[in-house]
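> Requesting a structural model of the entry that follows:
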Amino acid sequence: MPTGLLGIASTAIMANQRQLATTGHNIANVNTPGYHRQTVDLTEMDPSFEGGQFMGNGVRIATIARSYDNYLDTQVRTSLSASKDADTYFQLAQQIDNVTADPATSLASSLQDFFDAAQAVANDPTSTAARQLLLSNGSNLAQRFATLNTRMDQLREQVDQSLTPTVEEINGYTQGIAKLNESIVAAYSQASGNPPNDLIDQRDLLVEKLSGKMDVQVVKDSTGAINVYAGNGPALVLNNQAVRLGVQASAYDPFDKDIVIENGEHPIGITQSVQGGELGGSHRFTKDVLDPAQNELGRLAAGISVLINDQQRTGSDSNGNPGVNLFSDLTDPSANRFTSFGKNTNTGDAVLTVAFDNAPGNGPAELAASDYHMDYDGSTYTLTRLGDNTRFTAATPEFAVDGLRIGVESGDIQAGDSFLLRPERGAAGRLSVDLTDPALVAAGGIPPGGPGDNTNARALADLQHANSLLGGKASFGKMYTHLVGDIGTKTQAADIQSTAQKLLLEQATSEREAVSGVNLDEEAANLVNFQQAYQASAQLISTANETFNSLLGAMRG
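Residues are numbered from 1 along each chain as shown. Next up, the predicted model:
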């Protein structure tokens, strides 16, 4: 332990030199992302007991500390995750809102044109031109449905395609955190427990970037390493080990994507555990906006197909024959292929059929705009409406519920098998006009009332305002207005939420910067202070040297 004036001076020189260097380090990193201002913590050297007194021995460096507040850093991570979630959700919702509300792509005008044409046939049932206009407007309506459905499919594909690069970014962050954990633990050991501040800053920055992709929870252990968890889900980083995430086809629908922990031949799905950040926002959009909207659009298309076809078959055409379907027959199971998916762990080979029903009491009015699961436990078949988890049970795999007919096309179902049914998701894309001959428009009633009979044409036109959907509470137009209004409401709420979360993030970042950020004015003042202290310390050495020389001179004299 150094003693005396020279020893005190040397400790002061070292301490003030380190303070100057640390201040310079702060200034150099003023614009470095993730950097936390550093300060030198000083403490007195242990005193010596001499001549009945405790004598001071100068100063020592206790540690070089980061200006860090765990609460504020956690708040920034949480706010960043929420902001990215809200902004991603809003940006995607805005796209679907623009498509459904835009007059150029909206169904409203096409629906009106179709029923105006039906009224024109009712006004002049002998007019071939009016009949042809009805078919043309029907084709335009079907095309408008297809366009909207395609745009929704494209949005779904956009979300799916963004998963892989986002997951790869996450893998880069988690692997970087794991490597830094290893370096930080070694550094703590090497420095007898003193923190390697710059390495910790780098690790915290990676955790912050990771929070922008998904919500994470961080737990520090006694070695200085951190463990990172996916929200309340599985671990992403444990000490110096990071799991690797991947994207693969879902267990049911090969066109859907799941986020998994890659684990050899047995990957572990974690999609439901992912919340917050860009991943959480896109998943929330798909679940809360896109899926319901596409199902609602499909429900409307199915209602139009079934009800207008039913009305067509009620009347007679120009030749006095019973009417035939105007639109594609979505009550035919063959028209709805690829709406049911067996789970990839099924041991049976069954293929299910799903069709829209037109039976009394189970027609379009009962459609629920929902996906379904069907499960078999070896004795009972359970159909679950996923929209509200309502369950229906049967002794056979035949169900007639919610305006649907479900059955088995081929193969056998084994105990433990499970199926996902999506009857309405793509129904809007399957709607088309099958009738091509205007003479086959069934304007007349049965029995025919002659060439000028418009009985059925009037009934067809009246369907525009009939409350034939949503349990007899909504017409076609009201259903579409409800769809557009629901998307618009969700988009507006998302806009407000996105703006609010950005403000909260700015506030949290500002509060952290007030504690951890580098203030150049403050650092400039510190430079002057520490430089003066350094010069005074150097003067102590000079004084000690003069004192020593004087003592030598006295001894020589």
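
> List phi and psi for Leu505.
phi -70, psi -40 (degrees, to the nearest 10).

> Could you verify my assumption that it touches Ser79?
Yes: applying Cβ atoms under 8 Å, one finds Leu505 in contact with Ser79, separated by 4.2 Å. Backbone N, C-alpha and C define where each C-beta goes, glycine included.

> Let me see the ranges of the strands in the stretch 1-150 of the chain.
For the stretch 1-150 of the chain, applying DSSP state E, counting those that start in this stretch gives strands covering 38-44, 48-50, 53-55, 59-66.

> Format those strands as TSV; extra columns: mean pLDDT, mean neighbour count and distance to Ala442.
Below are the strands of the stretch 1-150 of the chain laid out as TSV (pLDDT from 0 to 100; neighbours: other Cβ atoms under 10 Å; distance: least, Cβ to Cβ, whole Å):
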stretch	mean pLDDT	mean neighbour count	distance to Ala442
strand 38-44	92	15	84
strand 48-50	80	11	113
strand 53-55	81	10	112
strand 59-66	91	16	80
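
> Kindly reformat these as JSON lines containing distance to Val99.
Listed next are those as JSON lines, based on distance: least, Cβ to Cβ, whole Å:
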{"stretch": "strand 38-44", "distance to Val99": "52"}
{"stretch": "strand 48-50", "distance to Val99": "82"}
{"stretch": "strand 53-55", "distance to Val99": "81"}
{"stretch": "strand 59-66", "distance to Val99": "49"}
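
> Dump stretch 253-260 to CSV, keeping only the CA atoms.
The C-alpha trace of stretch 253-260 is given here as CSV (Å, rounded to 0.1, in the frame of the first residue of the first chain):
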residue,chain,number,x,y,z
ASP,A,253,-52.9,-26.0,-43.5
PRO,A,254,-49.7,-26.3,-45.6
PHE,A,255,-50.3,-22.8,-46.9
ASP,A,256,-50.1,-21.3,-43.4
LYS,A,257,-46.9,-20.7,-41.6
ASP,A,258,-45.8,-21.4,-38.0
ILE,A,259,-42.8,-20.1,-36.1
VAL,A,260,-41.0,-23.0,-34.5
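
> Which positions within that stretch qualify as buried?
Residues of stretch 253-260 classed as buried: Asp253, Asp256, Lys257, Asp258, Ile259, Val260 (neighbour count, 16 or more other Cβ atoms under 10 Å).

> Give me the contact list for that stretch.
Outside of stretch 253-260, the residues within contact range by Cβ atoms under 8 Å, 6 or more residues apart in numbering are 160, 163, 167, 245-251, 267-271, 274, 279, 341, 420, 422.

> from what I can see Thr63 touches Pro196, true?
No: judged on Cβ under 8 Å, Thr63 makes no contact with Pro196 at a distance of 11.3 Å.

> Next, Gly378: secondary structure please.
Recorded secondary structure, Gly378: coil (DSSP: H, G, I helix; E, B strand; the rest coil).

> Check it and give its pLDDT.
With respect to pLDDT, Gly378 scores 94.

> For Thr347, see how far away it is.
Here the criterion is Cβ to Cβ, to the nearest Å. By it, Gly378 lies 12 Å from Thr347.

> Find residues that contact each of these two.
With Cβ under 8 Å, 6+ apart, Gly378 and Thr347 have common neighbours Gly416.

> where does the stretch 301-450 of the chain dip in pLDDT?
449-450 (pLDDT under 70).

> hang on, Leu300 is in a helix, isn't it?
Yes: Leu300 sits within a helix when classified using three-state DSSP.

> the helices in this structure, which residues?
4-28, 70-101, 107-123, 128-190, 197-213, 277-285, 291-314, 455-462, 476-516, 520-556 (DSSP state H).

> give the contact list for the nearest residue to Ser183 once chain neighbours are set aside.
Of all residues not flanking Ser183 in the chain, Leu199 sits nearest, at 5.6 Å (Cβ to Cβ, 6 or more residues apart in numbering). Residues in contact with Leu199, defined by Cβ under 8 Å, 6+ apart, are Leu180, Ser183, Ile184, Ala187.

> Quick one: residues in contact with stretch 463-473.
111, 115, 118, 299-300, 303, 307-308, 311, 364-367, 474-479.

> Show the buried residues in those.
Neighbour counting over the contacts of stretch 463-473 (16+ other Cβ under 10 Å) leaves 111, 115, 118, 299-300, 303, 307-308, 311, 364-367, 474-477, 479 as the buried ones.

> related to what we said a few turns ago, among the helices of the chain, which comes closest to Glu50?
For Glu50, the closest of those is helix 4-28, at 9.9 Å, according to Cβ to Cβ.

> distance between the closest one and the chain's centre?
51 Å (Cα atoms, centre = their mean, to the nearest Å).

> mind starting the numbering at 456 from now?
Taking 456 as the first residue, the last one we looked at is helix 459-483.

> Quick check: buried residues in that helix?
Going by 16+ other Cβ under 10 Å, helix 459-483 has these buried residues: 460-471, 474-475, 477-478, 480-481.

> Check which helices and strands that helix sits against.
strand 493-499, strand 514-521, helix 975-1011 (3 or more Cβ pairs under 8 Å, 6 or more residues apart in numbering; DSSP states H and E).

> List the beta-bridge partners for the nearest residue to Ile901 once chain neighbours are set aside.
Distance criterion Cβ to Cβ, 6+ apart; nearest residue to Ile901, sequence neighbours excluded, is Ser771 at 5.2 Å. Applying DSSP bridges to Ser771 gives these bridge partners: Pro777, Gly899.

> contacting residues around Ser771?
With Cβ under 8 Å, 6+ apart, Ser771 has these contacts: Pro777, Gly778, Ala897, Gly899, Gly900, Ile901, Pro902, Pro903, Asp908, Asn911.

> Can you convert those residues into TSV and add a column each for distance to Thr498 and neighbour count?
Listed next are the contacts of Ser771 as TSV, based on distance: Cβ to Cβ, whole Å; neighbours: other Cβ atoms under 10 Å:
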residue	distance to Thr498	neighbour count
Pro777	100	13
Gly778	97	23
Ala897	97	28
Gly899	103	23
Gly900	102	17
Ile901	103	17
Pro902	108	8
Pro903	107	20
Asp908	105	20
Asn911	97	27
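
> ok, of the residues you listed, which one's closest to Asp889?
Distance to Asp889 across these (Cβ to Cβ) is lowest for Gly778, with 12.1 Å.

> May I have the phi/psi pair for that closest one?
Dihedral pair for Gly778: phi -70, psi 150, per degrees, to the nearest 10.

> OK, contacts around the closest residue in space to it that isn't next to it in sequence?
Spatially, and ignoring its direct neighbours in sequence, Gly778 is nearest to Ala897 (2.7 Å; Cβ to Cβ, 6+ apart). Applying Cβ under 8 Å, 6+ apart, one finds that Ala897 lies in contact with Gln766, Gln767, Arg768, Thr769, Gly770, Ser771, Asp772, Pro777, Gly778, Val779, Asn911.

> May I have the phi/psi pair for Ala897?
According to degrees, to the nearest 10, Ala897 has phi -90, psi 80.

> Likewise for Thr786?
phi -80, psi -10.

> From Ala883, how far out is it?
Taking Cβ to Cβ, one finds Thr786 at 16 Å from Ala883.

> out of the two, which sits in the busier spot?
Using other Cβ atoms under 10 Å as the criterion, Thr786 and Ala883 rank with Ala883 on top: 28 against 21.

> residues contacting the more buried one?
Counting by Cβ under 8 Å, 6+ apart, Ala883 has contacts Phe600, Ala601, Leu603, Asn604, Gln749, Leu752, Gly753, Leu755, Ala756.

> With Thr786 instead?
Neighbours of Thr786 in contact, by Cβ under 8 Å, 6+ apart: Val761, Asn764, Ala810, Phe811, Asp812, Asn813, Arg860.

> thinking again about what came up before, and the residue nearest to Ser638, what pLDDT?
96.

> Having no further points to raise, I will conclude here.
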